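Trainee: turn this into a structure:
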Amino acid sequence: MKVTNSEKLPVKLWMKEFTDMESGAWEQAKNLANFPFAFRHIAIMPDAHQGYGMPIGGVMATKGVISPNCVGVDIGCGMCAVKTSLKEIDTDTLKKIMGEIRKVIPLGSNKHKEKQDDSLMPRTVDEKHRKGGLKIVTQEYDNALLSLGTLGGGNHFIEIQKGSDGHIWIMIHSGSRNLGFKVANHYNKLAVKLNEKWGSAVPKSWELAFLPVDSEEGQAYISEMQYCVDFALANRKLMMDRIENIFTETFYDNRFSNKIRPNFEPIINIAHNYASLENHFGQNVWVHRKGATKATEGLTGIIPGSQGTSSYIVEGLGNRESFMSCAHGAGRKMGRKVAKRTLNLKEELKKMEGIVHGIRSEKDLDEAPGSYKDIQTVMENQKDLVKIKVKLTPLAVIKS
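Mentor: Predicted coordinates:
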């Protein structure tokens, strides 16, 4: 961990040098350190890169306010993983499974043609949430029913992996789809408008508009944000259920005498775009994790690499200095346009040898391994935040 005291609050960085952080992300980190409601210090994870307002891979605790841009537009985005009883899977079976997954799980901007089962949607039974209201969720509810159980685009993925424990694993990275975007966009615009009305001392160019948590607007955002976190989990769960069914149908096929009925351990789930009320250093604060994962002592988490590199099941160490957080993945080292323009297709395909994947041309290079940071370096830089339980090697990946 590196520390700088050049700003109002210290910035603590889990990289070897401050120069390892891109200039845009570093400017955002300094803005956070001068944000008048920030508490104690700013924590920057080893996968950090520039986002909107706050670096992706940043952690900020605040007192009295919440900032929509410090959660991000894909509210509740996160990881889930399931360990199977299977220990081997051949390439032909992998290809068959991935083909079946593509039939039942819409990818990219695609949605289901029919609404999914309403009983799978989150239920808001908490009185505090009901009091805040769910204006945007209500408006987008029918559309969300079409998006439930869909992957989305960008760096969202479904991956089949072989664990260092000898077992086959299933991993999904996805979020709250358009529902989270609509909620984030509405409340960030509202915060910008109100901050201008109040004459906020926070420069608009910082993109850190905020809402007081005890205001009607702040409570409404908290309620809708939490619904999106719950929806993102419901989304991942439905996809995982359908993938498990595909595994079962594939391995328990009546056409074969050596039928196997796979067993699946309980789902591991961890989100990395949200804010929550927590107690740190004796104070109740709102911890904003934007592209950062909770890593309280003993908590099981998931840190994915890029497609073509290892991912990890980890256990949190409860490091107070990171607000008990860790990286959420490898983190981008170059933008999508730069990746498509500069990466070599042949070199990137060589990195993916032995893996069933979908990289076919230069237009796919924005999600090639070379566009991401080295996951081994990321893990090395956060040895005081998490310990590795299982290393996962990719066998097949769907990334849209």
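Trainee: what's the pLDDT at residue 164?
Mentor: On pLDDT, residue 164 comes in at 98.
Trainee: residue contacts, the nearest residue to it once chain neighbours are set aside?
Mentor: Nearest non-adjacent residue to residue 164, counting by Cβ to Cβ, 6 or more residues apart in numbering: residue 391, 4.2 Å away. C-betas here are computed from N, CA, C, even on glycine. The contact partners of residue 391, by Cβ atoms under 8 Å, 6 or more residues apart in numbering, come to 163-164, 310-312.
Trainee: quick check: which element contains residue 391?
Mentor: Residue 391 is part of strand 386-399, with elements assigned from DSSP states H and E.
Trainee: who's the residue nearest to residue 95 when sequence neighbours are not counted bridged to?
Mentor: Distances taken as Cβ to Cβ, 6+ apart place residue 356 nearest to residue 95, at 5.8 Å, with adjacent residues excluded. Bridge pairing for residue 356 (DSSP bridges) gives the partners residue 396.
Trainee: and the gap between residue 356 and residue 250?
Mentor: 14 Å (Cβ to Cβ, to the nearest Å).
Trainee: over to residue 49?
Mentor: Separation of residue 49 from residue 250 (Cβ to Cβ) stands at 38 Å.
Trainee: for these two, indicate the residue with more neighbours.
Mentor: residue 49 (21 against 17; other Cβ atoms under 10 Å).
Trainee: most centrally placed residue in the protein?
Mentor: Centroid check for the chain by Cα atoms, centre = their mean gives residue 78 as the closest residue, at 3.4 Å.
Trainee: tell me the helix or strand right after the helix or strand bottoming out on mean pLDDT in the chain.
Mentor: Ranked by mean pLDDT, DSSP states H and E, the weakest helix or strand in the chain is helix 127-132, scoring a mean of 48. Next along the chain after helix 127-132, taking DSSP H and E as the criterion, comes helix 135-147.
Trainee: which elements pack onto that next one?
Mentor: Applying 3 or more Cβ pairs under 8 Å, 6 or more residues apart in numbering; DSSP states H and E, one finds that helix 135-147 contacts helix 177-198, helix 216-251.
Trainee: and residue 140, how many residues sit next to it?
Mentor: 23.
Trainee: and it, what is it in contact with?
Mentor: 178-179, 182-183.
Trainee: after the helix or strand where residue 346 lies, which helix or strand is next?
Mentor: According to DSSP H and E, residue 346 maps onto helix 345-351. Using DSSP H and E, the helix or strand that follows helix 345-351 towards the C-terminus is helix 375-380.
Trainee: ok, and the closest non-adjacent residue to residue 213?
Mentor: Nearest residue to residue 213, sequence neighbours excluded (Cβ to Cβ, 6+ apart): residue 66, at 5.4 Å.
Trainee: ramachandran angles for the one you found?
Mentor: phi -130, psi 140 (degrees, to the nearest 10).
Trainee: touching, it and residue 285? I think so.
Mentor: No: counting by Cβ atoms under 8 Å, residue 66 stays clear of residue 285, with 10.6 Å between them.
Trainee: any idea how far residue 100 is from residue 146?
Mentor: Separation of residue 146 from residue 100 (Cβ to Cβ) stands at 21 Å.
Trainee: and for residue 13?
Mentor: Distance from residue 13 to residue 100, counting by Cβ to Cβ: 44 Å.
Trainee: please apply the same query to residue 81.
Mentor: On the measure of Cβ to Cβ, residue 81 and residue 100 end up 20 Å apart.
Trainee: those two: which is more packed in?
Mentor: Taking neighbours as other Cβ under 10 Å, residue 81 and residue 100 compare with residue 81 leading, 27 against 17.
Trainee: sec struct for the more buried one, please.
Mentor: strand (DSSP: H, G, I helix; E, B strand; the rest coil).
Trainee: who's in contact with it?
Mentor: Counting by Cβ under 8 Å, 6+ apart, residue 81 has contacts 169-172, 267-268, 302, 313, 392.
Trainee: one more time with 7 Å, if that's ok
Mentor: 169-171, 268, 302, 313 (Cβ atoms under 7 Å, 6 or more residues apart in numbering).
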